[in-house]
Every structure is written in C-alpha cells, then in structure tokens.
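[1] Got a predicted structure plus its sequence, pasted below:
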Amino acid sequence: MIRQNIFIVGLMAVGKSTVGRLLAESLDMPFYDSDTEIEVRAGAEISWIFDVEGESGFREREEHVIDDLTQLEGVVLATGGGVVKSALNRQHLAARGKVIHLHCPLKRLLERTHKDRKRPLLQGNNRETVLVELMREREPLYNEIADYRFESNEQSAKQLVHQIVRRLEQDRVIC
C-alpha cells in the first residue's frame, strides 16, 4: 500500500474527525486530529485557548501543530475548520499529502450544531450568520488546496469513507 498522507479539511461539523477516524481504520493508517493535538499540547480545551489567547493565539498554535503533523508519513489528519486561514497551513497541507475537502449544506450544518456548546465561534445568537460568513470566507480556500471534494450530507460516515476509499484506489493514491 502506498502510504501517502491524507488531510481532511472543511467547515466545522462536516464530519472531518468522524470520517478521518473511520478512513484511517479502513486504510490501517494512524489517525490524528489537529484540534485534539492542540488541546493535548496546551493542556487546555480550545475554548479556553480562545478565551485567554484569542483566535490569533489559537491560530499560532495551530500553525505549529499542522507543520509538525504534516511532516509525518502515512497518516490521516482531520484539521480544524479554520486551518485554511493561514497561507502557511494551506501550503503545508497541499504539498505534503492529498487533501480531501468535506462539504455540507448550510441547513445540515445548522442541524448538526444546534446544541453545540464547544465551538467558540458559534456561541453567539447568530449561528446561521456566522456559518454563512465562514462558508463565504473559507470555501474558496478549501477548494484552492483540495485534491478531492465529497459531500458529507446524506450518507452515513461509513458510506462516505467507502466512496473516498474507492476514489483513492481509482486514482492510485492507495493500492
């Protein structure tokens, strides 16, 4: 099997971590989640980092973690939704592996985040407005670096992983 890195990008709540874990299991590759790694290294939850250091402090930590994790070989990495805000992150992701962009319609994202209390950017009263703005800002950046784009709307995570594996096999990314 070719052990090329696979990086998963997309907005919050599109299923990056869930799909990433299942994909890594299916391909017998190590799985990493950049947000989890940031929390482990900081010894604190992301919400705390946002509260104390602001988004800029979090993004600085994220750049270090992305640089480290993308230098590993043969891994599946689920990234945070805002990872593409950094040109350096986009460069590392695009150059060091295959990038899979998971996309989900706004209506479905609103359903998935309805009761979410862990995502700092969604803690106000205007979840829809925030998600629309994040889509407007980030979708072009995901598309800029994506080798593949999949919809994570209707099918189960297992079905989506099956689609991804089939496509990667067709393109000989894995064999």
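    Good, I have the coordinates.
[2] Show the subsequent helix or strand relative to the helix-or-strand element of the chain with minimal mean pLDDT.
    Ranked by mean pLDDT, DSSP states H and E, the weakest helix or strand in the chain is helix 106-112, scoring a mean of 89. Downstream of helix 106-112, the first helix or strand assigned by DSSP states H and E is helix 127-145.
[3] That following helix: which residues count as buried?
    For helix 127-145, burial by neighbour count (16 or more other Cβ atoms under 10 Å) applies to R127, V130, L131, L134, M135, R138, L141, Y142, I145. Every residue, glycine included, has its C-beta placed from N, CA and C.
[4] For E151, grab phi and psi.
    With angles defined as degrees, to the nearest 10, E151 sits at phi -90, psi 130.
[5] quick one, what contacts it?
    L102, H103, C104 (Cβ atoms under 8 Å, 6 or more residues apart in numbering).
[6] please redo it, this time with the cut-off set to 10 Å
    V14, L102, H103, C104, P105, R108, L160, Q163 (Cβ atoms under 10 Å, 6 or more residues apart in numbering).
[7] who touches the least confident helix or strand of the chain?
    Outside helix 106-112, the residues that reach it (Cβ under 10 Å, 6+ apart) are 10-15, 103-105, 122, 127-128, 131-132, 134-135, 151-154.
[8] And the strands in this structure, which stretches?
    6-9, 31-33, 76-78, 98-103, 148-151 (DSSP state E).
[9] circling back: want to throw the buried residues of helix 127-145 into a markdown table with distance to E73 and pLDDT?
    Formatted as a markdown table, these follow (distance: Cβ to Cβ, whole Å; pLDDT from 0 to 100):
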| residue | distance to E73 | pLDDT |
| --- | --- | --- |
| R127 | 38 | 81 |
| V130 | 36 | 89 |
| L131 | 35 | 92 |
| L134 | 31 | 94 |
| M135 | 33 | 95 |
| R138 | 27 | 97 |
| L141 | 25 | 98 |
| Y142 | 24 | 98 |
| I145 | 19 | 98 |
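[10] what's the farthest-apart pair in the residues you listed?
    By the measure Cβ to Cβ, R127 and I145 form the most distant pair in the buried residues of helix 127-145, at 26.2 Å.
[11] pLDDT weak spots in this protein?
    Low-confidence segments of the chain, defined by pLDDT under 70: 1-2, 116-125, 175.
[12] wait, D67 sits on V83?
    No. Contact criterion Cβ atoms under 10 Å: D67 and V83 do not qualify, at 11.4 Å.
[13] shared neighbours of the two, anything?
    Counting by Cβ under 10 Å, 6+ apart, the contacts common to D67 and V83 are N89, H92.
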